[in-house]
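Asker: Could you look at this predicted model? Sequence included:
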Amino acid sequence: MSPQAEETKVDSQVQRVAALLGERLGGHLLSILYHPHALSKGGLVLVFQDDVESILDLITEAYECVPRDLSLYCVRRSELFELALPTFTFVHILNRRLHVAHCLRHEAHVLYGVDLRDEIPPPPDSTMLLNLHVESCAHSMRPFNILAMLARREYLELIKEIEWQVKCLMFTALIARGEWATTINSIPPKFEQAYQDEQLLALWNELTDLSKSLDSTDETSCRRSAYEAVWLFESFLSGLRRYI
């Protein structure tokens, strides 16, 4: 377990949520673990006893306590291995779920009950993880983000979404190289240092320059820039495939 896990301060809201969960579900809970995450506010893992009955009722009650911007995972102790299983799903879920095992391994905090950090399963193979992220991102982004947002003429929103998704891909690519980023702003420079890939870095720089130079009052210009952002995104995906 990384020493950083003990040094990093846990957000006070997260502590309050964990305390509330302990009060309401304590008779069934073994442990509450929390992990920070560079791409989100982090997540809580509730580990229930193996002999609990009506676990769906307990999960429902847990979700009533947890704000939507905080991820929640509920497992029995014997199901901890599920946290490391590969996930192929919609990209907005994938970006939170894909790195859970890595986040717990690097920065897990025990907020309630038994310390089960040594029982956290090994993360998935990092190359397979990157492959999963690239393919899931491509299949999810094209119909549900790119085509839908272009049809609604949400050009500025699409460019921002693409920039965000490229950062998320960089985060997984860093993990594939055995690197770790603790904040969203630290991801691009760490990626540049880890990969030193001129083509990928040029695509990223073009994308960020594109978002900085937009004239939001000119719809024709915004539409052209959105199409260019889509091309940069697809080119970035293609470039990442060389490392899979």
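Answerer: That came through, no problem.

Asker: I figured His109 hits His35, correct?
Answerer: Yes - when contacts are counted by Cβ atoms under 8 Å, His109 is listed as touching His35 (7.4 Å). Placement of C-beta: from N, CA and C, glycine included.

Asker: List the buried residues of stretch 141-161.
Answerer: In terms of neighbour count (16 or more other Cβ atoms under 10 Å), stretch 141-161 has its buried residues at 141, 145-146, 149, 154-155, 158-159, 161.

Asker: Now tabulate those in CSV and tack on pLDDT.
Answerer: Formatted as CSV, the entries for these read as follows, by pLDDT from 0 to 100:
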residue, pLDDT
Met141, 94
Asn145, 93
Ile146, 96
Met149, 97
Glu154, 96
Tyr155, 95
Leu158, 96
Ile159, 96
Glu161, 96
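
Asker: Of these, which is the nearest to Asp197?
Answerer: Each of the buried residues of stretch 141-161 was scored against Asp197 by Cβ to Cβ, and Met141 proved nearest at 21.0 Å.

Asker: Just confirm the closest one is within a strand.
Answerer: No - membership of Met141 in a strand is not supported by DSSP: H, G, I helix; E, B strand; the rest coil, which gives helix.

Asker: what about the strands in the protein?
Answerer: 29-37, 40-48, 71-76, 109-113 (DSSP state E).

Asker: Figure out which of those strands is closest to Gly22.
Answerer: Within the strands of the chain, the stretch nearest Gly22 is strand 109-113; the backing value is 4.5 Å (Cβ to Cβ).

Asker: List the buried residues for the closest one?
Answerer: Buried residues in strand 109-113 (16+ other Cβ under 10 Å): 109-113.

Asker: what's the answer for stretch 82-101, then?
Answerer: Buried positions in stretch 82-101, judged by neighbour count with 16+ other Cβ under 10 Å: 83-84, 91, 94-101.

Asker: Can you tell me what sits against that stretch?
Answerer: Stretch 82-101 is contacted from outside by 35, 37, 39-40, 43, 45, 71, 73, 75, 104, 120-124, 128-129, 132-133, 135-137, 140-141, 144-145, 165, 168, 171-172, 175, using Cβ atoms under 8 Å, 6 or more residues apart in numbering.

Asker: ok, of the residues you listed, which come out buried?
Answerer: Burial by neighbour count, judged by 16+ other Cβ under 10 Å, picks out 35, 37, 39-40, 43, 45, 71, 73, 75, 104, 120, 123-124, 129, 132-133, 136-137, 140-141, 145, 165, 168, 171-172, 175 from the contacts of stretch 82-101.

Asker: quick one: the helices in this protein?
Answerer: Read by DSSP state H, the chain holds these helices, from start to end of the chain: 4-7, 12-25, 55-65, 91-97, 100-107, 126-141, 148-151, 155-176, 187-195, 198-212, 219-240.

Asker: Relative to the whole chain's centre, how far out is the second one?
Answerer: Going back to what we said before, that points to helix 12-25. Here helix 12-25 is found 22 Å from its chain centre; the criterion is Cα atoms, centre = their mean, to the nearest Å.

Asker: CA atoms only for it, dumped as PDB, please.
Answerer: The C-alpha atoms that make up helix 12-25 are tabulated as PDB, following Å, rounded to 0.1, in the frame of the first residue of the first chain:
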ATOM      1  CA  SER A  12     -14.800  16.200   4.800                       C
ATOM      2  CA  GLN A  13     -17.900  15.500   2.800                       C
ATOM      3  CA  VAL A  14     -16.600  12.000   2.000                       C
ATOM      4  CA  GLN A  15     -16.000  11.400   5.700                       C
ATOM      5  CA  ARG A  16     -19.500  12.500   6.600                       C
ATOM      6  CA  VAL A  17     -21.000  10.200   4.000                       C
ATOM      7  CA  ALA A  18     -19.000   7.300   5.300                       C
ATOM      8  CA  ALA A  19     -20.100   8.100   8.900                       C
ATOM      9  CA  LEU A  20     -23.800   8.100   7.800                       C
ATOM     10  CA  LEU A  21     -23.300   4.800   6.000                       C
ATOM     11  CA  GLY A  22     -21.700   3.300   9.100                       C
ATOM     12  CA  GLU A  23     -24.700   4.400  11.200                       C
ATOM     13  CA  ARG A  24     -27.400   3.100   8.800                       C
ATOM     14  CA  LEU A  25     -25.700  -0.100   7.600                       C
END
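
Asker: Great, nothing more from me.
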